[in-house]
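S.K.: Structure here, sequence nowhere to be found:
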């Protein structure tokens with residue numbers, strides 16, 4: 001009876017323990033059963049039934065009860081939780097990797113296409129703006145050149161008019177001076193002729209005879 005009560009207390013403690021403790025306790029009990037401590041017939045029937053029920057409650061292992069005649073080595077199967085977890089995680093990792101690879105493979109293609117289109121569009125816009133700026137600059141330069149030519153022509157015409165006016169004024173002065181000189185010469189000639197006529201009065205009569 002003392003052994004039965006001890007096992008019951010141990011089972012109650014195992015049931016209230018954490019998952020790690022339950023797993024450790026389950027592995028310990030399973031190991032004990034494999035070595036023969038929990039094999040059918042090694043314990044009294046009530047104790048064997050209590051141990052089997054406690055172990056099956058808190059662990060995934062099956063222990064033989066008093067009614068089982070098969071040896072414990074053939075009945076108890078120890079499963080590796082790590083292998084099961086690895087097997088469960090393997091498909092998820094593989095699926096995640098495949099999905100990630102598909103996304104990574106497709107996204108660069110989309111990005112490259114978008115980048116190429118963006119570069120082409122940007123180049124076209126740059127060329128269009130450059131052409132517009134060149135046309136505007138050319139028109140402005142042409143307008144400035146035309147205005148410069150017009151201003152130069154006006155200045156040249158003004159200079160020509162000024163030169164013509166100066167030439168006309170000079171010609172007028174020269175003509176006036178020539179006329180004055182001619183008048184003076186004529187006056188001198190008239191005076192000389194008068195003097196000559198006054199100094200030889202008989203020459204005129206003699207010539208007439």
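M.R.: Here it is on my side, so go on. This is a predicted model, so every value here is computed, not measured.
S.K.: quick check: domain ranges of the protein?
M.R.: 2-79, 107-188 (automatic domain parsing).
S.K.: ok, of the ones you listed, where does mean pLDDT dip lowest?
M.R.: Mean pLDDT is lowest for domain 2-79 out of those, coming in at a mean of 53.
S.K.: Look up how far residue 199 lies from residue 155.
M.R.: 66 Å (C-beta to C-beta, to the nearest Å). Yep, even glycine has a C-beta here, placed from its N, CA and C like the rest.
S.K.: swap in residue 184?
M.R.: Taken as C-beta to C-beta, the span from residue 184 to residue 199 is 23 Å.
S.K.: what do you get for residue 181?
M.R.: Taking C-beta to C-beta as the measure, residue 181 falls 27 Å from residue 199.
S.K.: Over to residue 118?
M.R.: For residue 118 relative to residue 199 (C-beta to C-beta), the value is 120 Å.
S.K.: Could you do residue 171 as well?
M.R.: Relative to residue 199, residue 171 is positioned 42 Å away (C-beta to C-beta).
S.K.: cool, residue 151 as well?
M.R.: 72 Å.
S.K.: separation between residue 119 and residue 129?
M.R.: Distance from residue 119 to residue 129, by C-beta to C-beta: 16 Å.
S.K.: Next, residue 181: phi, psi?
M.R.: phi -60, psi -40 (degrees, to the nearest 10).
S.K.: show me what contacts it?
M.R.: By C-beta atoms under 8 Å, 6 or more residues apart in numbering, no residues touch residue 181.
S.K.: how much space between it and residue 175?
M.R.: Separation of residue 181 from residue 175 (C-beta to C-beta): 11 Å.
S.K.: again with residue 157
M.R.: The value you get for residue 157 to residue 175, if C-beta to C-beta is used, is 27 Å.
S.K.: same question, residue 162
M.R.: Applying C-beta to C-beta to residue 162 and residue 175 gives a distance of 20 Å.
S.K.: Could you do residue 135 as well?
M.R.: 59 Å.
S.K.: same thing with residue 122?
M.R.: In this view, residue 122 and residue 175 are 79 Å apart by C-beta to C-beta.
S.K.: And residue 127, by the same measure?
M.R.: Distance from residue 127 to residue 175, by C-beta to C-beta: 71 Å.
S.K.: Which pLDDT value goes with residue 85?
M.R.: Residue 85 is assigned a pLDDT of 47 by the prediction.
S.K.: check contacts around residue 144.
M.R.: Contacts of residue 144 (C-beta under 8 Å, 6+ apart): none.
S.K.: what helix or strand is it on?
M.R.: helix 81-199 (DSSP states H and E).
S.K.: What degree of burial does residue 49 show, as a neighbour count?
M.R.: Residues near residue 49, counting by other C-beta atoms under 10 Å, number 17.
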